[in-house]
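**Student:** Sequence and predicted structure, then a few things I'm wondering about:
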Amino acid sequence: MIPASFEYHRPADISAALAILDEYGDDARVIAGGHSLIPMMKLRMADIEHLIDLQDIGELKGIFVEGTKVTIGAMATQHELIDNGDIARVAPILHEAALQIADPQVRYMGTVGGNVANGDPGNDMPGLMQCLGATFHLVGSGGTRDVAARDYYEAAYMTDREDDEILTAISFNAPEGGFAYEKQKRKIGDYATAACAAIVKIDGGICTAASIAMTNLSDTPIFSAEAGAALEGTACDATAIDAAVAAATGAIDPTEDNRGPVDFKMHVAGTIIRRAIERAVSRA
Amino acid sequence: MGKQHYQINVNGETKDVLAEPRELLIHTLREQLDLTGPHIGCETSHCGACTVDIDGKSVKSCTVFTAQVAGKEITTIEGLGTPDEMHVLQEKFREHHGLQCGYCTPGMITRAHRLLQENPNPTEEDVRFGMSGNLCRCTGYQNIVKSILAAAAEMNASKEAAE
Ligand SMILES: Cc1cc2nc3c(=O)[nH]c(=O)nc-3n(C[C@H](O)[C@H](O)[C@H](O)COP(=O)(O)OP(=O)(O)OC[C@H]3O[C@@H](n4cnc5c(N)ncnc54)[C@H](O)[C@@H]3O)c2cc1C
Ligand code: FES
Ligand code: FES
């Protein structure tokens, strides 16, 4: 399988990359780790005349933890994320989730920025970033802007990012409380049949904050404020968890595909969401 | 875009290759450099038969363009051992029957080599998790895991003996 021809660019900084994007418009596309894009190019599902490789751009690299503020450069790889002791300490949900993405080879190459920018409903980082309430930082020829992860996804492969913008980094405040990333997949290296990120904070036996988001159960990641609200103010007892699971499954709209029919996916989703919440509560 | 010159370092030697930007590394290795150790199993980034080492990372060479690896150091199975001087992993795969048809083996060993660099004392679970990007249709994995654990033990023993 050989992709169609393209011209290859490897700019050394963001402004050079933006200049190429400006010049070629729709015909140009950036490549990060290439582990979503190259398979699409091989299938000739992505037709790109100008490929802009971001690997030399130092400004897009690195993982920074300052106090409770976490900033992840777009070009940080899943492997680097897993390897980073600060992330494991201040945002262990990221560590836990990254270990469930793809396989070792893919994680050496796949970047966090590519994972969130891609817009594939099967990607795990978008739902996770919605759960964390993360902010995406974009730059275009018109300047920089920030978009909340919860506002970024419009439909499969359709996001708020303009064609001439590059995602530079992702930031969020270190979460407090118990956490879990639960993912049901057919085998290692597969995308989720259903996945759920949960963060639950409990103070004096009462839940003070809860955040629930889901992966591959609609054409975008789904953040369910209602599911969080069903837990807040309760002791996270069985009744509250039932209500949260009901709210979360009420917010999704899975479609039938090779991972199963809709009824099956709703069933799996219910189980996975419940496991995520129960495990987060048990760690809170 | 026509063919371009790219310099890549393969198994310790700098090679100048002429390739279109769309040429995948696996094709450059196999067809231009005659390094037919890395195999093409699936072409869809799933099987790991094409695994090579690039700057200390295990990479599926069917999912990277040669243009992307210009200036980098690549190691293939040919760079790990030869029939006369086998790598410990190769010896252990032979000893423990870690292969049947052998199609997955170059990718398995190249990946296992990186895994043992990163984690010289893996548990069986570490090996299974660390090798999960490589598929084998023959062995049922049992003997692959055994071979890698045996190689780790031997590499550690000879390290200790040297100290
Ligand atoms: C076998 C296999 C299994 C996989 N399993 C999973 C899985 O279980 N879960 C999961 O989440 N993912 C999975 N993936 C996808 C993998 O994690 C990808 O690496 C990831 O989705 C994209 O990251 P990338 O750096 O490779 O991006 P690329 O493939 O380089 O890019 C993806 C898209 O994002 C755009 N893009 C990339 N970076 C930027 C940027 N900085 N600014 C703007 N646009 C950008 C590109 O133009 C492209 O459209 C799997 C991939 C493979 C091959
Ligand atoms: S041929 Fe590259 S992963 Fe199968
Ligand atoms: S030995 Fe035949 S595929 Fe592994």
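**Tutor:** Noted; the coordinates are in hand. Ligands and ions are numbered 1, 2, ... in the order given.
**Student:** Pop the domain breakdown of chain B in here.
**Tutor:** B:4-79, B:88-162 (automatic domain parsing).
**Student:** which ones are touching the closest residue to A:Leu132 other than its chain neighbours?
**Tutor:** Among residues not flanking A:Leu132 along the chain, A:Phe172 sits closest, at 4.5 Å (Cβ to Cβ, 6 or more residues apart in numbering or on different chains). All C-beta spots, glycine's among them, are computed from the backbone N, C-alpha and C. By Cβ atoms under 8 Å, 6 or more residues apart in numbering or on different chains, A:Phe172 lies in contact with A:70, A:91, A:129, A:132-135.
**Student:** Between those residues, which sits nearest ligand 1?
**Tutor:** Nearest to ligand 1 among the contacts of A:Phe172: A:Met129, at 11.4 Å, using Cβ to the nearest ligand atom.
**Student:** can you tell me how far the nearest residue to A:Asp22 once chain neighbours are set aside sits from ligand 3?
**Tutor:** Excluding the flanking residues, the one nearest A:Asp22 by Cβ to Cβ, 6+ apart is A:Ser141, at 5.3 Å. Computed as Cβ to the nearest ligand atom, to the nearest Å, the A:Ser141 to ligand 3 distance reads 50 Å.
**Student:** Check what pLDDT A:Ser141 gets.
**Tutor:** Listed pLDDT for A:Ser141 reads 91.
**Student:** same question, A:Ile52
**Tutor:** pLDDT for A:Ile52: 98.
**Student:** Any stretches of the stretch 1-150 of chain A with poor pLDDT?
**Tutor:** Across the stretch 1-150 of chain A, nothing is flagged by pLDDT under 70.
**Student:** mind listing the helices in it by residue range?
**Tutor:** Per DSSP state H, counting those that start in this stretch, the stretch 1-150 of chain A carries helices over the ranges A:14-24, A:37-42, A:78-83, A:85-90, A:92-98, A:104-109, A:112-118, A:124-132, A:149-152.
**Student:** Next: chain B.
**Tutor:** B:25-27, B:77-80, B:88-95, B:105-118, B:124-130, B:142-162 (DSSP state H).
**Student:** what comes up buried for the fourth one?
**Tutor:** Within helix B:105-118, the residues that qualify as buried by neighbour count (16 or more other Cβ atoms under 10 Å in any protein chain shown) are B:105-116.
**Student:** do the same with the longest one
**Tutor:** Along helix B:142-162, these residues count as buried under the neighbour rule (16+ other Cβ under 10 Å): B:143-152, B:155.
**Student:** What's the separation between the residue nearest the centre of chain B and B:Thr75?
**Tutor:** Centroid check for chain B by Cα atoms, centre = their mean gives B:Thr110 as the closest residue, at 2.3 Å. Distance, B:Thr110 to B:Thr75, by Cβ to Cβ, to the nearest Å: 7 Å.
**Student:** Common neighbours of those two, please.
**Tutor:** B:52-53.
**Student:** coming back round to it: ligand 2 is nearest to which of the domains of chain B?
**Tutor:** domain B:4-79 (3.2 Å).
**Student:** does the closest one come close to ligand 3?
**Tutor:** No - Domain B:4-79 is not in contact with ligand 3 by Cβ under 6 Å from any ligand atom; minimum separation 7.8 Å.
**Student:** Count the neighbours of the residue of chain A found nearest ligand 2 for me.
**Tutor:** As assessed by Cβ to the nearest ligand atom, ligand 2 sits closest to A:Gln105 within chain A, at 7.7 Å. The burial count assigned to A:Gln105 is 29, neighbours taken as other Cβ atoms under 10 Å in any protein chain shown.
**Student:** same check, this time on A:Gly58
**Tutor:** Neighbour tally, A:Gly58, other Cβ under 10 Å: 11.
**Student:** Tell me the spatial nearest neighbour of it, not counting adjacent residues.
**Tutor:** Per Cβ to Cβ, 6+ apart, closest to A:Gly58 is A:Asp13, 7.8 Å.
**Student:** and what of B:Leu99?
**Tutor:** Among residues not flanking B:Leu99 along the chain, B:Thr105 sits closest, at 4.5 Å (Cβ to Cβ, 6+ apart).
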